[in-house]
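> Sequence and predicted structure, then a few things I'm wondering about:
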Amino acid sequence: MNLETILKHFSPKGLSISDSSRATASDALNITDIMAALGMTQSGAEFGLRLFLAKAGISQQDKTIAVGMLTQYAKQHAPKHIGKVAGRRMAECLRIMAKMAFEDYARSAAATSDCPCCSGTGFLKEKRVFRNQMAIDRQEYLDALPGNLGLLYWDEMKSKKEWEETVDVICEPCKGKGVISSRCRCNGTGKVVDREKSILMGLPVEKECPRCHGVGYSRLPASVAHRAVKALLPDLPERTWNNSWKPFYEKLITKCFIEESAAESEFKKVTQ
């Protein structure tokens, strides 16, 4: 049994008030068996199981524990040159890198984030100039009167002809939704149509999406983690980040996928 199949047990769609099982197979696993299998999996691969449950959004507690375990791994395997650069703030920097690594690991085609342009509001403040055309036409008419007849209408001349106001306009990047999807232009499939080969073959031929490299969504840029760490270490140059810090940051992301794979293998071993 795959690890993804346990997610339906955390959000049941219906309620069956009966003492008989819905399954037709005699060897089908019920909810008690699944929970027991999760307990056995946790004893053998706790890190990977908590990462998976946190990635699926099952529990905030699992996310907190998973990030803490990843931080401990970072402290144990951090290169020496990172400690020399970070100094006393090494623990804080590693905690930030662990959080960012988890966010990259938990990212998917269905993930959304607040629009950076409008800060999630969906609207932008914009100053616009408005004109009172009736007041302008009246002013032109009074100026065209002979003599001082226009002074008789001095009160009417006080009307505003132009003024500036701050109005809300729809944010173009998010189209007023306030959130931006991480889904790639391939619609999350990781595949796009190869036009040249499709024309030659006479039928649709798919290829790996060159933008997302087949994952179906845009990854979290490493520059985001760089800016977060640089808030604590303003003197950290970009060259040092690319040569020393970034490879270790990528290693933390890879560690998450390795631990999830270990939990997957352990769960299959228990439920086979």
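Done, it's in.

> Count the residues that sit near Phe248.
Phe248 has 17 neighbouring residues, counting by other C-beta atoms under 10 Å. Quick note: C-beta positions are derived from backbone N, CA and C, even for glycine.

> If you could redo that for Leu49, that was the one I meant.
Using other C-beta under 10 Å, Leu49 has 26 other residues around it.

> tell me the SS of it?
Classification of Leu49 by DSSP: H, G, I helix; E, B strand; the rest coil places it in helix.

> Can you check the pLDDT for the residue lying closest to it once chain neighbours are set aside?
Distances taken as C-beta to C-beta, 6 or more residues apart in numbering place Ala263 nearest to Leu49, at 4.5 Å, with adjacent residues excluded. Note on Ala263: pLDDT of 92.

> Contacts only, for Ala263.
Shown in contact with Ala263 (C-beta atoms under 8 Å, 6 or more residues apart in numbering): 3, 41, 45, 47-49, 51-52.

> buried residues in the strand or helix carrying Ala101?
Using DSSP states H and E, the element containing Ala101 is helix 90-105. Within helix 90-105, the residues scored as buried using 16 or more other C-beta atoms under 10 Å are 90, 93-105.

> buried set for the next helix or strand along the chain from it?
The C-terminal neighbour of helix 90-105 among helices and strands, as given by DSSP H and E, is strand 112-114. When burial is assessed from 16+ other C-beta under 10 Å, strand 112-114 yields no buried residues.

> Any chance you could list what contacts strand 112-114?
By C-beta under 8 Å, 6+ apart, the residues outside strand 112-114 that reach it are 120, 178-182.

> Format these as CSV; extra columns: pLDDT and neighbour count.
Formatted as CSV, the contacts of strand 112-114 follow (pLDDT from 0 to 100; neighbours: other C-beta atoms under 10 Å):
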residue, pLDDT, neighbour count
Gly120, 82, 15
Gly178, 86, 17
Val179, 84, 13
Ile180, 81, 19
Ser181, 80, 15
Ser182, 79, 18
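
> I'd like the list of those residues that fall within strands, please.
Residues of the contacts of strand 112-114 located in strands (DSSP state E): 179-181.

> Tabulate those residues (JSON lines), appending distance to Thr189.
Output for the ones in strands among the contacts of strand 112-114, formatted as JSON lines (distance: C-beta to C-beta, whole Å):
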{"residue": "Val179", "distance to Thr189": "21"}
{"residue": "Ile180", "distance to Thr189": "19"}
{"residue": "Ser181", "distance to Thr189": "14"}
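
> which one among the residues you listed gets closest to Lys63?
Ranked by distance to Lys63 (C-beta to C-beta), those are led by Val179 at 19.9 Å.

> does the spatially closest residue to the closest one that is not a sequence neighbour have beta-bridge partners, and which?
Taking C-beta to C-beta, 6+ apart, and ignoring the residues beside it in sequence, Val179 has Thr112 as its nearest neighbour in space, at 4.3 Å. Beta-bridge partners for Thr112, by DSSP bridges, are Ser181.

> Please parse this protein into its domains.
Taking automatic domain parsing as the domain assignment, the ranges for the chain are 3-13+26-107+219-271, 112-181, 184-215.

> Tell me how far the residue nearest to Val179 lies from Glu260.
According to C-beta to C-beta, to the nearest Å, Thr112 and Glu260 sit 22 Å apart.

> try Phe267
Separation of Phe267 from Glu260 (C-beta to C-beta): 11 Å.

> and if you look at Tyr249?
18 Å.

> on that earlier part again, going by neighbour count, which of the contacts of Ala263 comes out on top?
Busiest of the contacts of Ala263 [other C-beta under 10 Å] is Leu51, holding 29 neighbours.

> That'll do, ta.
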